[in-house]
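[1] got a sequence here, can you build the structure:
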Amino acid sequence: MEFRGVIFILFLFLLIGVDSNAFPTNDLISKLPRQPNVNFRQFAGYIEVDENVDGRSLFYYFVEAEKDPLTQPLTIWLTGGPGCSSVGDAFGSVGPFIVTKDAHGLQTNSFSWNKVSNLLFIDSPIGSGWSYSNSSSDYNNGDDSTNKILVTFMQKWYEKYPVFKSKDLYMAGSSFAGHFVPNLANALLDDNNQSKQSKFNLKGLVLGNPMLRKKLDEIAKIDFFFSREMINSSLYNEIKKECNAIDENNYFSSIKTTWTAKCKNLVFEADLAAFKTDAHNYSPQKLFDVFRPPCTENELNLNLTKQVPIVSTEVDMCLPLRVQFYFNIPEVQKAFHGNRTNLSYRWQGCFTANFKYNEADKDLDMLPALKNLLQQSVPITIFSGDQDGIIPTEGTLQHLEKLAEELNIKLTKEETWSFRTKRERDFAVLVEKARIAEEVKRAEKKNLEKDRNHFRRDSGPSGGANRIIKKARAEELVRAVPMNVVRPSICGDCEYGTALRKLIRFKLLNRGFFNP
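    Reported below is the predicted structural model:
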């Protein structure tokens, strides 16, 4: 009788071992503190990426799709920095939860990408989030070392979750992920060419305000500051001259690859001017959304506040601070199976003090990497928020125009459209403010007053205003480089042409892509 009992236990063990859909139970998150009930599973933990190096491990957070996860694709999310936590980013962007207003719990994110895909967030490179190594040399990172570790991570992650190896794979990220994502995508394709085993089923990339060529992005940032009156004309002209970026129609041939010390100092001075919130205070956070005031909350207030969270679709500038607070709650770290090394410092969304990233790698041109992917029929979607003062739309447009020229891709005409009635898969810019020359404003106001006297409202600019817009274009009074000037739609409550919301479509490539 005892012998048969042993056979039964062994047989049950073997059944569990051969279940290809079984996920690692040690990494299963039963429930995060004060999260709402959901019908999908979450996993988090460490993947050792080199058995020869003691403790070299990347931390990950995996979320199943809301419906039929085994039939849905897998999307990897990498965030920028370098040095920012992708796992933390999950709770302020595309993940299933948003940290509540009191920072002690979670609420569902109605815009989560796990409605259409399984999501994998990876803290990379080593030193970001809860990823770590016991070798101090691993904290000196660069594009090559980061990429090699990520490839190893993916191979080992698929060993834990083998059912997803055959699923469609998408890769996404923002900011410096403009390096991480294309590099990893190319490495996975190279691995496919060399491996005789199962292949990575890469289907496409999504990049938001990506850093693709740092020097150009820096100069585009200066144009961005000047067009929004965040720096004065004298500083603007001095930077353009010193950094050899005077020819706006030919950025790529005119910008110096090596900047003088004076050029760097001038760019830094422009950053400080743009960071300014008043005569004496600066806030780097302001550059993530230049027209919104930075967050003024502090963690002490969060700790004492017990208010009921208010769900809003507005941009929440205090959300990163609340994510930081939530991730430092001991029971949250325990639920995540995170911080197993008991870090000597508090968790931060972006923490670069404990590692260095190769400065030369930051300056690398990523267009060849994108070009290689497009030539291998990998679709790439790039989206850009027009209020980002770090990697603004102006530079991204220049990158894509250059890329299209090299690939001999014909660009379609830019159009305006409503996000409520039309979906696109290409390059999109959300325009929140229409800045119009003073002459145009005055002409439109005069036109509106005339129309009100006739008890009607115009739906668009008058002929007189059109002539002034044409004149403003010729005299470069309206700055819209490299996009065409978009005429304002006039209403009774917006005489000055403010607060217009439009979506500009810049089409680079139209191929199939999953529909988030």
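
[2] beta partners for residue 60?
    Going by DSSP bridges, residue 60 is paired in beta bridges with residue 45, residue 122.

[3] how many neighbours does it have?
    When counting by other Cβ atoms under 10 Å, one arrives at 25 neighbours for residue 60. (C-beta placed from N, C-alpha, C; glycine too.)

[4] I'd like the distance between it and residue 346.
    Using Cβ to Cβ, to the nearest Å, we find residue 60 at a distance of 21 Å from residue 346.

[5] equivalent analysis for residue 127, please.
    In terms of Cβ to Cβ, residue 127 sits 15 Å off from residue 346.

[6] looking at those two, which is more packed in?
    Neighbour count, other Cβ under 10 Å: between residue 127 and residue 346, residue 127 has more, with 23 against 11.

[7] show me what contacts that one?
    83, 138-139, 141, 351-352, 354-355 (Cβ atoms under 8 Å, 6 or more residues apart in numbering).

[8] quick one: which of the residues you listed sit in strands?
    residue 141 (DSSP state E).

[9] ranking the contacts of residue 127 by neighbours, who comes first?
    residue 83 (23 neighbours).

[10] could you check how far the residue lying closest to it once chain neighbours are set aside is from residue 128?
    With Cβ to Cβ, 6 or more residues apart in numbering as the criterion, residue 83 has its nearest non-adjacent residue at 3.8 Å, and that residue is residue 352. Note on residue 352: its distance to residue 128, by Cβ to Cβ, is 8 Å.

[11] shared neighbours of these two, anything?
    Counting by Cβ under 8 Å, 6+ apart, the residues touching both residue 352 and residue 128 are 81-83.

[12] and residue 159, how many neighbours?
    11.

[13] state the helix or strand in which it lies.
    Here residue 159 sits within helix 143-160, counting by DSSP states H and E.

[14] what lines up beside the next helix or strand after that helix in the sheet?
    The helix or strand immediately downstream of helix 143-160 is strand 169-174, counting by DSSP H and E. Applying DSSP bridges, strand 169-174 is found paired with strand 74-78 (parallel), strand 202-208 (parallel).

[15] helix or strand right after the last one?
    Toward the C-terminal end, the helix or strand that comes next after strand 202-208 (DSSP H and E) is helix 214-227.

[16] which neighbouring elements make contact with that next one?
    In terms of contacts (3 or more Cβ pairs under 8 Å, 6 or more residues apart in numbering; DSSP states H and E), helix 214-227 is packed against helix 233-242, helix 251-254, helix 261-275, helix 393-407.

[17] hang on, the earlier thing: need the winner for burial among the strands paired with strand 169-174.
    Among these, the stretch with the highest mean neighbour count (mean count of other Cβ atoms under 10 Å) is strand 74-78, at a mean of 27.

[18] could you point out the helix or strand that follows that one?
    helix 86-89.

[19] who's in contact with that following helix?
    Helix 86-89 is contacted from outside by 44, 59-61, 77-79, 95, 121-124, 128-130, 173, 323-324, 327, 336, 338, 347, 349, using Cβ under 8 Å, 6+ apart.

[20] ok, stretch 22-40 next?
    Stretch 22-40 has contacts (Cβ under 8 Å, 6+ apart) with 16, 41-45, 62-66, 69, 96-97, 100, 104-108, 114, 160-161, 329, 331-332, 335-337.

[21] narrow these to those in helices?
    16, 160, 331-332, 335-336 (DSSP state H).

[22] which of those count as buried?
    160, 332, 335-336 (16 or more other Cβ atoms under 10 Å).

[23] so which pair among the residues you listed is furthest apart in space?
    Largest separation among these by Cβ to Cβ: 160 and 332, giving 22.7 Å.

[24] so which one among the ones in helices among the contacts of stretch 22-40 has the lowest pLDDT?
    Minimum pLDDT across the ones in helices among the contacts of stretch 22-40 is recorded for residue 16, with 36.

[25] the residue nearest to residue 83 contacts residue 81, doesn't it?
    Yes. Judged on Cβ atoms under 8 Å, residue 352 makes contact with residue 81 at a distance of 6.7 Å.

[26] quick check, residue 215 in contact with residue 395.
    No. Counting by Cβ under 8 Å, residue 395 is not a contact partner of residue 215; they are 9.7 Å apart.

[27] comparing those two, which residue is more hemmed in?
    Taking neighbours as other Cβ under 10 Å, residue 215 and residue 395 compare with residue 395 leading, 27 against 22.

[28] need the contact list for the residue lying closest to that one once chain neighbours are set aside.
    Using Cβ to Cβ, 6+ apart and skipping the chain neighbours, the partner closest in space to residue 395 is residue 220 (2.8 Å). By Cβ under 8 Å, 6+ apart, the residues touching residue 220 are 251, 392, 394-396, 398.

[29] export those residues to TSV and append columns for distance to residue 34.
    Formatted as TSV, the contacts of residue 220 follow (distance: Cβ to Cβ, whole Å):
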residue	distance to residue 34
251	49
392	37
394	42
395	41
396	38
398	45
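
[30] would you show me how to pick out the buried ones of those in ChimeraX?
    In ChimeraX, this line selects whichever of the contacts of residue 220 come out buried by 16+ other Cβ under 10 Å:
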select :251,392,394,395,396,398
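
[31] of the contacts of residue 220, which pair is most distant in space?
    Maximum distance among the contacts of residue 220 (Cβ to Cβ): 13.1 Å, for 251 and 392.

[32] give me the low-pLDDT residue ranges for the stretch 251-400 of the chain?
    Along the stretch 251-400 of the chain, segments meeting pLDDT under 70 span 251-258, 276-294, 296-315.

[33] in it, what residue spans correspond to helices?
    All helices of the stretch 251-400 of the chain, identified by DSSP state H, counting those that start in this stretch, fall at 251-254, 261-275, 299-304, 319-327, 330-336, 359-362, 367-375, 393-407.

[34] excluding chain neighbours, what is closest to residue 354?
    The shortest distance from residue 354 to any non-neighbouring residue, by Cβ to Cβ, 6+ apart, is to residue 127 (5.1 Å).

[35] what's the pLDDT at that neighbour?
    87.

[36] that one: what secondary structure?
    In three-state terms, and counting by DSSP: H, G, I helix; E, B strand; the rest coil, residue 127 is coil.

[37] and it, how far from residue 61?
    For residue 127, the distance to residue 61 equals 17 Å [Cβ to Cβ].

[38] could you dump the helices and strands packed on helix 214-227 to TSV with distance to residue 187?
    Formatted as TSV, these follow (distance: least, Cβ to Cβ, whole Å):
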stretch	distance to residue 187
helix 233-242	36
helix 251-254	26
helix 261-275	32
helix 393-407	20
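
[39] looking at these, which one is packed in the most?
    Of those, helix 393-407 is the most buried (mean count of other Cβ under 10 Å), at a mean of 21.

[40] for that one, packing partners?
    Helix 393-407 packs on helix 214-227, helix 251-254, helix 367-375, strand 380-385, strand 427-431, going by 3+ Cβ pairs under 8 Å, 6+ apart.

[41] list the residues that contact residue 211.
    With Cβ under 8 Å, 6+ apart, residue 211 has these contacts: 80, 175-176, 178-179, 217, 362, 366, 391.

[42] just the buried ones among those residues, please.
    For the contacts of residue 211, buried by 16+ other Cβ under 10 Å: 80, 175-176, 178-179, 217, 366, 391.

[43] how about residue 170: what's its closest non-neighbour residue?
    residue 75 (4.4 Å).

[44] read off the pLDDT value for that neighbour.
    pLDDT at residue 75 comes out at 96.

[45] please renumber the chain so that the first residue is 590 from this point on.
    All set: I'll call the first residue 590, so the last point we hit is now residue 664.

[46] let me see the contact set for it.
    For residue 664, the contact set (Cβ under 8 Å, 6+ apart) comprises 702, 706-709, 758-761, 795.

[47] repeat that for residue 985.
    With Cβ under 8 Å, 6+ apart, residue 985 has these contacts: 798-799, 801, 809, 971, 973, 1016.

[48] swap in 7 Å and give it another go.
    Listed by Cβ atoms under 7 Å, 6 or more residues apart in numbering, the contact partners of residue 985 are 798, 971, 973.
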